[in-house]
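Engineer: Fold the following.
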Amino acid sequence: MDGDKHDTIPTNLRLLSVIEEMARAGVPVTPTEVNARLGLPKPTIHRLFMTLEEEGFVQRDLDGRSYSPGPRLRTMAGGILSSLRIRTARQAILKKLSREIGETCNIALPDRDAMIYVERVETEWPLRIQLQVGTRVPFYCTASGKMYLSSLVPSHLKRYLAATDLVARTPNTITDIDRLLAEIETIREQGYSLDREEFLTDMIALAVPLWDTNNRLIATLSFHAPTQRFDIARALDYRGAMHAAGRELSALIT
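Structural biologist: Below is the predicted model:
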């Protein structure tokens with residue numbers, strides 16, 4: 001890296017450059033790691049991170065040294081992904097998938113401690129499970145959340161599990177860490193995730209990942225259904241349709 005790299009970054013672009021490098025990394029990063037690419041003076045990079053943290057664009061991670069996107073930056077990212085052109089195409093894919101499966105389909109983004117629903121197409125059945133756009137659901141007991149956990153590197157996954165109270169939402173919730181780790185490893189290998197009435201009694205779900213240009217999970221696609229209409233065996237019949245729709249949706253954001 002050229003030691004004079006900072007001279008080529010205009011002052012009014014430096015905050016954006018920090019955010020860009022954080023997005024490129026895709027994992028919590030320290031100011032020093034970001035600055036290895038930017039080459040700014042040490043006081044400058046720390047001042048930029050301080051400003052971003054004070055304004056809510058980044059937040060310190062669990063180790064106290066590294067930073068991850070804060071609430072304002074996550075809200076901004078969700079807004080960009082929901083732009084009208086992209087949303088129109090996304091809705092068309094979701095509607096087609098929902099008609100094929102006959103159930104509600106959702107797109108969710110990982111937030112700091114939960115998945116947040118950002119898009120959905122409702123089933124036409126009068127009996128439906130209400131998880132509206134903006135709903136936040138836990139990682140450890142939902143199909144979309146476990147799909148996200150399967151994308152984490154082992155060190156980040158262990159930190160999450162160590163800091164999380166695995167509350168039993170239903171009799172089927174996996175609250176044993178070893179069992180949950182085994183489940184997440186299975187999800188990583190098979191490429192899809194199931195919720196076997198772990199979040200809500202009488203509801204099952206199946207989720208698949210949506211990938212960005214660097215082959216990192218950026219969101220999840222899922223459908224959920226009441227057990228009065230669906231069982232796990234039937235849900236698995238739609239794995240192909242879910243993965244096909246997932247590839248189409250991923251193409252919209254790459």
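
Engineer: can you give me the strands for this structure?
Structural biologist: Ranges of strands in the chain, per DSSP state E, are 58-60, 67-69, 104-110, 115-121, 136-137, 193-196, 203-211, 217-226.

Engineer: Of all these, which one comes closest to residue 16?
Structural biologist: Residue 16 lies closest to strand 58-60 among the strands of the chain, at 12.7 Å (Cβ to Cβ). C-beta coordinates here come from the backbone N, C-alpha and C atoms, glycine included.

Engineer: Do a quick rundown of the helices in the stretch 1-150 of the chain.
Structural biologist: 14-25, 31-38, 42-54, 71-81, 84-101, 143-149 (DSSP state H, counting those that start in this stretch).

Engineer: got any ranges where this structure has weak pLDDT?
Structural biologist: Across the chain, the ranges flagged by pLDDT under 70 are 1-7, 62-63, 78-85, 124-132, 253-254.

Engineer: How is it partitioned into domains?
Structural biologist: 5-74, 82-252 (automatic domain parsing).

Engineer: for residue 55, phi and psi?
Structural biologist: Main-chain dihedrals, residue 55, degrees, to the nearest 10: phi -90, psi 0.

Engineer: hang on, it packs against residue 72?
Structural biologist: Yes - between residue 55 and residue 72 there is a contact under Cβ atoms under 8 Å: 6.7 Å.

Engineer: contacting residues around residue 245?
Structural biologist: 93-94, 96-97, 105, 221 (Cβ atoms under 8 Å, 6 or more residues apart in numbering).

Engineer: Tell me where the stretch 151-254 of the chain has helices.
Structural biologist: Taking DSSP H, counting those that start in this stretch as the criterion, the stretch 151-254 of the chain carries its helices at 154-163, 177-190, 232-236, 239-252.

Engineer: Which strands or helices does the first one pack on?
Structural biologist: Which is helix 154-163. Counting contacts by 3 or more Cβ pairs under 8 Å, 6 or more residues apart in numbering; DSSP states H and E, helix 154-163 packs against helix 177-190.

Engineer: Report the angle between the helix it packs on and helix 154-163.
Structural biologist: 140 degrees (axes from the mean of the first three to the mean of the last three Cα atoms, to 10 degrees).

Engineer: and for helix 177-190, what are the contacting residues?
Structural biologist: 140, 146-147, 149-151, 157, 161, 166, 174, 193.

Engineer: how far does it sit from the chain's center?
Structural biologist: With Cα atoms, centre = their mean, to the nearest Å as the basis, helix 177-190 stands 17 Å off its chain's centre.

Engineer: Strand 203-211 and that helix, what's the angle between them?
Structural biologist: Going by the same axes, to 10 degrees, helix 177-190 makes 60 degrees with strand 203-211.

Engineer: and helix 177-190, which residues are buried?
Structural biologist: 180-181, 183-184, 187 (16 or more other Cβ atoms under 10 Å).

Engineer: would you turn the residues you listed into JSON lines with distance to residue 135?
Structural biologist: Output for the buried residues of helix 177-190, formatted as JSON lines (distance: Cβ to Cβ, whole Å):
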{"residue": "180", "distance to residue 135": "22"}
{"residue": "181", "distance to residue 135": "26"}
{"residue": "183", "distance to residue 135": "23"}
{"residue": "184", "distance to residue 135": "22"}
{"residue": "187", "distance to residue 135": "22"}
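
Engineer: What is the nearest of these to residue 217?
Structural biologist: residue 187 (11.3 Å).

Engineer: Quick check: closest non-adjacent residue to residue 119.
Structural biologist: residue 107 (4.0 Å; Cβ to Cβ, 6 or more residues apart in numbering).

Engineer: same check, this time on residue 110
Structural biologist: Among residues not flanking residue 110 along the chain, residue 148 sits closest, at 4.6 Å (Cβ to Cβ, 6+ apart).
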